[in-house]
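# Attaching a predicted model along with its sequence, questions to come.
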Amino acid sequence: MKPFEKILIVFITALSIVACNDEIPEPEYPLTKENLAGTYNIKSLDANLNATAVIQGISTPVSTGTITGDTFNVSFVINTNGTYTATGGYRITTTINPIGANSVTTSEIVAFDDAGTYTLDTDSNTITLTSNNSDFLEGSIQIRSFNETSFTISQETSETEGGITIDADFTIVFERI
């Protein structure tokens with residue numbers, strides 16, 4: 001067999017394999033209310049912070065920072081009927097790095113007792129939490145990964161207080177218990 005014929009056979013074989021696999025497989029554990037329902041604890045919580053102030057009409061960086069959570073004792077119960085409860089607490093350590101100054105690190109205990117409703121959008125992989133008292137998470141949250149034992153969410157927030165805007169990018173990993 002000539003080298004060209006060998007290459008042609010390999011190419012046709014590869015093309016037929018690719019043509020047979022053009023369907024996107026369904027995830028093994030699809031994101032549904034039924035599959036999401038359960039009780040979760042937080043496995044990790046991290047955030048990046050950026051603070052800016054408008055000075056003479058120009059947005060100017062003021063500081064950067066990080067938040068890291070630990071010592072999680074959380075019961076986040078998600079029900080199939082579109083409700084949730086979240087109770088417990090954890091510690092967060094916040095490090096702020098002001099531009100031109102020394103870093104400041106603080107720790108605090110965050111305790112919460114919350115309940116509310118949620119909607120799940122499986123097309124955009126988002127969950128929207130509507131809290132009864134804003135103790136826990138709230139708003140539209142991106143679900144980055146989901147499987148039988150855990151899911152990861154991220155949310156970007158922005159708050160302005162006293163002329164300083166703080167943009168935060170949170171990532172939280174929940175583990176089924």
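Structure received.

# Beta-bridge partners for I172, please?
I172 forms beta bridges with L45, I153, as assigned by DSSP bridges.

# I'd like the mean pLDDT over the longest strand along the chain, please.
In the chain, assigned by DSSP state E, the strand with the most residues is strand 58-78. Taken as a whole, strand 58-78 has a mean pLDDT of 97.

# Extract the C-alpha trace of the helix or strand following it and format it as PDB.
Using DSSP states H and E, the helix or strand that follows strand 58-78 in sequence is strand 83-98. Taking C-alpha atoms only, strand 83-98 is exported to PDB below (Å, rounded to 0.1, in the frame of the first residue of the first chain):
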ATOM      1  CA  THR A  83     -37.300  27.200  49.300                       C
ATOM      2  CA  TYR A  84     -34.100  27.100  51.300                       C
ATOM      3  CA  THR A  85     -32.900  27.600  54.800                       C
ATOM      4  CA  ALA A  86     -29.400  28.500  55.800                       C
ATOM      5  CA  THR A  87     -28.100  28.500  59.400                       C
ATOM      6  CA  GLY A  88     -24.700  28.400  61.100                       C
ATOM      7  CA  GLY A  89     -21.500  30.300  61.000                       C
ATOM      8  CA  TYR A  90     -17.900  30.500  60.000                       C
ATOM      9  CA  ARG A  91     -14.800  32.700  60.400                       C
ATOM     10  CA  ILE A  92     -13.600  35.000  57.700                       C
ATOM     11  CA  THR A  93     -10.100  36.600  57.500                       C
ATOM     12  CA  THR A  94     -10.000  39.800  55.500                       C
ATOM     13  CA  THR A  95      -6.700  41.300  54.300                       C
ATOM     14  CA  ILE A  96      -6.900  44.800  52.900                       C
ATOM     15  CA  ASN A  97      -3.900  46.200  50.900                       C
ATOM     16  CA  PRO A  98      -4.300  50.000  50.700                       C
END
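
# that older thread, now for the longest strand of the chain, which elements pack on it?
In terms of contacts (3 or more C-beta pairs under 8 Å, 6 or more residues apart in numbering; DSSP states H and E), strand 58-78 is packed against strand 38-55, strand 83-98, strand 164-176. All C-beta atoms are positioned from the backbone trio N, CA, C, and that covers glycine.

# Just the buried positions in stretch 121-136, please.
Under the neighbour-count criterion of 16 or more other C-beta atoms under 10 Å, stretch 121-136 has 125-127, 129, 131, 135-136 buried.

# Helix or strand, whichever it is, which one in this protein has the lowest mean pLDDT?
Sorting the helices and strands of the chain by mean pLDDT, DSSP states H and E puts helix 3-20 at the bottom, at a mean of 52.

# Sweet, I'm off.
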